[in-house]
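K.L.:
Output the structure for:
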Amino acid sequence: MKKKKSIAKKNSELTIYIEKPLFSILLITALGCIIYSNSFDCSFHFDDTHNIINNEAIRNIYEIKTIWNFSNTRFITFLTFALNYHFNGLDVSGYHVVNLFIHIATALLVWWAVLQTLSTPVMQNRNISKSKKIIALWCGLIFVSHPLMTQSVTYIVQRLASLATLFYMASLCLYLKGRLSQQKIPSILFFIGSSTTAALGMLTKEIVFTLPFALFLFEFSFFHEGSIKDILTNNIFFLYSIPPLILTIIIPYLLSYRFNITWDIFIKSYFYPLLSQRYGDPMLSSSIYLFTQFRVIVTYIRLLFFPFNQNLDYDFPASSGFWELGTVASFAFLVLVIVTAIWLFPRKRIMAVGIFWFFLTLTVESSIIPIRNVIFEHRVYLPMFGFILILVSGLYYILGENRKITINIILISLIAIYSGLTLKRNMVWKNDITLWKDIVKKSPNKDRSHMNLGEVYFSSGLIEEGLNEFNIGLKLNPKNFKVLNNIGFYYYTKGNYKESISYYDRGLAIEPNSPDLHVNKASALVMTGQHESGLEHFLKAVDINSQYIIKLKAAAGEIAKSGSLPDAEKYYSEVLNRLPDDFETLKNLGKIQLSQKKYQEAVSYFSTALKINPGDTELLTNVGKVLLKMEKANEANPYFSEVVRLQPNDVEAHINLSVCLRAQGNITESERELLKANILLDKLKPK
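P.N.:
Predicted coordinates:
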């Protein structure tokens, strides 16, 4: 008997220790650090290239307007990328540290939100509230360890999802704290904090626009008892629930969202059909996208409970219509889940709210607004909170308070499995080859997966392996002009320009407005000496995308090196037509004129370039030499004198000035400059 009392006492003491806030915070933090310890050297991937690696907007942390203009609705996220770039450049470890910090902080907010939810007026007197500290801990641990979270943590650019969720949960926690506070001033401060984090969230990612409805859901569910009629006629309910809903309208307006678009443009941007990223799918209209999302949401639910065979790029076919068997069955299942939530609401309220939260927070990306990629795992990062509420509270309701040991064993086992799967999943994210090989293995019939793996092989020097993947991708989708472009480039690197042009032509027949295809075909034409045809395709690329003017300039330089000066002049002239103040182009055109002994034209180009950069000594020297050739020594003198002033220790500068002075008949000054040149030469001789 004494032994049993001793064990009970020890268990009681252990429970008290475990339920201390500091213990929960440290345990959640430690678990997060351990299971993501193998992610710090994982490379950039996929959309990281556009948003981070090649993103000029984040290069200067002090150019706030540039960051804002790049993406005003996601400004805060890109501001954090700019901070990362400022301190870490393109060293991935710094980005991963920030992502992990966000993830752990969000997990701690999940813990705090559950703790407060179980302390609300509706929940505080229910049996489940007696275990609120340990339940909150389990929720935080499941959130931090679930492998479905890896895409929002290890995939750097998906900080968009995790940071938005951080602000979302912070706003919810501060709102709950304000509602639970018994003092007026602290309560007001918490509400201000809730509104501030809501505003920050709305500038992080669009998913935060469901936040006011989430606050409404918590207010309705956890601060008011009675029938729906009683709640809706309660003035206190409206006092707290209406302001959060107004946030959806006021905050975007106050933060200068770009609403100066016509209704027609809005409809075209968000509701018009668009082409799916998966070959063979129908056009994704609003209805087709919605029908597909019924099946996608069921897949998300399966992944939440059984997170196996995760994939960055699912081969998920769009629905052909509502009456497709899979679509109807999924819709029926989801309706059943929602009906179950309604039935649970008066009985097991926290489980019901978990279900409502899951569907509410998915609405932005699983709605009637088409998105080319119908499924991505990072979209479940915010809805995960709802799943955790369902899972943990469901175990307590089903097994009962008297089976805490059984519940704890189940949850410990789940967290151990989740942690192992997270560690394993992070290994897939190590580099582009490991990632895309995993994707190809799981989506073998998707042309984009093979194309991307082929590009990764190419960039890693595995050219033949890359070509093999391109050919597989082309068989799967003969209309993939990007694959045709890549195969064309393969033959270009092999020097088989005729074959490369044939692939570029096939690609242009499918997509005539691809600047890459035009530029690559132009380069191949130049290599075969077809400069006129090459120029035609370069100009088409520039007309489609003005940034391709850089390619035209580079081609002009290569043609000039090959000795085809008239053709190089045509190319540079086209650059100058579009960039009249381009210093390098003016300079190069001047050199071409000089090589062709067109001295007057050369002086004209050099002089125009000098107006842009008057201190360029090479240009000053060239103008002086040309003027000497034209027997205009008096005009040449100021140019050579300026070079000597700028570079007093340059031997050639003094010699050039000496020659000019002699041509002017000023022998004494000429010999003085020549003497200075000889003195400088003596100093340079080894002793």
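K.L.:
tell me the secondary structure for the residue lying closest to K437 once chain neighbours are set aside?
P.N.:
With CB to CB, 6 or more residues apart in numbering as the measure, L453 is the residue that lies nearest to K437, at 6.5 Å, once sequence neighbours are left out. All C-beta atoms are positioned from the backbone trio N, CA, C, and that covers glycine. Under DSSP: H, G, I helix; E, B strand; the rest coil, the three-state class of L453 is helix.
K.L.:
and L453, what does it touch?
P.N.:
I433, W436, K437, I439, V440, G466, E469 (CB atoms under 8 Å, 6 or more residues apart in numbering).
K.L.:
let's see it at 6 Å
P.N.:
W436, V440, E469 (CB atoms under 6 Å, 6 or more residues apart in numbering).
K.L.:
in stretch 39-56, what's buried?
P.N.:
Neighbour-count burial for stretch 39-56 flags S39, F40, C42, F44, H45, F46, D48, N51, I52, N55 (criterion: 16 or more other CB atoms under 10 Å).
K.L.:
Can you pull out the residues in contact with that stretch?
P.N.:
With CB under 6 Å, 6+ apart, stretch 39-56 has contacts from F81, S93, H96, T154, I156, V157, N426, W429, K430, N431, L435.
K.L.:
could you measure the second one against A161, distance?
P.N.:
Looking back up the chat, that one is S93. Distance, S93 to A161, by CB to CB, to the nearest Å: 21 Å.
K.L.:
Compare those two and say which is more crowded by neighbours.
P.N.:
A161 (27 against 12; other CB atoms under 10 Å).
K.L.:
For the more buried one, which residues are in contact?
P.N.:
Contacts of A161 by CB under 6 Å, 6+ apart are S152, H378, Y381.
K.L.:
Number of residues surrounding the first one?
P.N.:
I take that to be S152. 28.
K.L.:
cool, the last one as well?
P.N.:
Burial of Y381 is recorded as 26 neighbouring residues (other CB under 10 Å).
K.L.:
what sits against it?
P.N.:
Y381 neighbours (CB under 6 Å, 6+ apart): S152, A161, S162, T165.
K.L.:
what's downstream of the helix or strand harbouring the second one, the next helix or strand?
P.N.:
To tie it back to what came earlier, the one meant is A161. Take DSSP states H and E as the rule and A161 turns out to sit in helix 159-180. Once the chain leaves helix 159-180, the next helix or strand it forms, by DSSP H and E, is helix 184-202.
K.L.:
Restrict the next helix-or-strand element following that next one to CA atoms and write it as CSV.
P.N.:
Scanning forward in sequence from helix 184-202 by DSSP H and E, the next helix or strand is helix 211-222. The C-alpha coordinates for helix 211-222 follow below in CSV (Å, rounded to 0.1, in the frame of the first residue of the first chain):
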residue,chain,number,x,y,z
LEU,A,211,-8.2,35.7,-39.5
PRO,A,212,-11.2,37.9,-38.6
PHE,A,213,-13.5,35.0,-39.3
ALA,A,214,-11.3,32.7,-37.1
LEU,A,215,-11.5,35.3,-34.3
PHE,A,216,-15.3,35.4,-34.8
LEU,A,217,-15.3,31.6,-34.6
PHE,A,218,-13.5,31.6,-31.3
GLU,A,219,-15.6,34.4,-29.9
PHE,A,220,-18.8,32.6,-30.8
SER,A,221,-17.6,29.1,-29.7
PHE,A,222,-15.7,29.8,-26.4
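K.L.:
And helix 211-222, how far out from the chain middle?
P.N.:
Relative to its chain's centre, helix 211-222 lies at 30 Å (CA atoms, centre = their mean, to the nearest Å).
K.L.:
Next: stretch 199-212.
P.N.:
17 Å.
K.L.:
Now do the buried residues in that stretch.
P.N.:
Within stretch 199-212, judged by 16+ other CB under 10 Å, the buried ones are 199-205, 207-212.
K.L.:
Give the full set of residues in contact with the closest residue to A170 other than its chain neighbours.
P.N.:
Closest residue to A170 apart from its sequence neighbours, by CB to CB, 6+ apart: T197 at 4.2 Å. Contacts for T197 (CB under 6 Å, 6+ apart) come out as F167, A170, S171.
K.L.:
what about I433, neighbour count?
P.N.:
Residues within reach of I433, counting by other CB under 10 Å, total 16.
K.L.:
give me the element it is part of.
P.N.:
With DSSP H and E as the test, I433 turns up in helix 432-442.
K.L.:
same question, N445
P.N.:
Residue-wise, N445 maps onto no helix or strand under DSSP H and E.
K.L.:
Which phi and psi values does it adopt?
P.N.:
phi -100, psi 20 (degrees, to the nearest 10).
K.L.:
Could you report the distance from it to V374?
P.N.:
16 Å.
K.L.:
Beyond the lowest-mean-pLDDT helix or strand in the chain, next helix or strand please.
P.N.:
None of the helices or strands of the chain scores lower by mean pLDDT, DSSP states H and E than helix 263-270, at a mean of 48. Downstream of helix 263-270, the next assigned helix or strand under DSSP H and E is helix 286-305.
K.L.:
Which strands or helices does that next one pack on?
P.N.:
Packing partners of helix 286-305 (3 or more CB pairs under 6 Å, 6 or more residues apart in numbering; DSSP states H and E): helix 325-344.
K.L.:
please redo it, this time with the cut-off set to 10 Å
P.N.:
helix 325-344, helix 349-362, helix 384-399 (3 or more CB pairs under 10 Å, 6 or more residues apart in numbering; DSSP states H and E).
K.L.:
Including distance to L274, mean pLDDT and mean neighbour count, could those helices go into TSV?
P.N.:
Listed next are the helices and strands packed on helix 286-305 as TSV, based on distance: least, CB to CB, whole Å; pLDDT from 0 to 100; neighbours: other CB atoms under 10 Å:
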stretch	distance to L274	mean pLDDT	mean neighbour count
helix 325-344	19	96	15
helix 349-362	20	96	23
helix 384-399	28	95	21
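K.L.:
And those helices: which comes nearest I76?
P.N.:
helix 349-362 (18.6 Å; CB to CB).
K.L.:
so where's the stretch 201-350 of the chain uncertain?
P.N.:
Scanning the stretch 201-350 of the chain for pLDDT under 70 picks out the ranges 226-272.
K.L.:
at 90 instead, please
P.N.:
Along the stretch 201-350 of the chain, segments meeting pLDDT under 90 span 202-203, 206, 209-210, 212-213, 216, 219-220, 223-287, 289, 320, 346-347.
K.L.:
any idea how far T621 is from V651?
P.N.:
13 Å.
K.L.:
When those two are compared, which one has more neighbours?
P.N.:
Neighbour comparison, V651 and T621: the larger count goes to T621, with 20 against 16 (by other CB under 10 Å).
K.L.:
C-terminal to the host helix or strand of that one, what's the next element?
P.N.:
Using DSSP H and E, the secondary-structure element containing T621 is helix 617-629. Sequence-wise, the next helix or strand downstream of helix 617-629 (DSSP H and E) is helix 633-646.
K.L.:
buried sites along that next one?
P.N.:
Quick answer for helix 633-646 (16+ other CB under 10 Å): A633, E635, A636, N637, Y639, F640, S641, E642, V643, V644.
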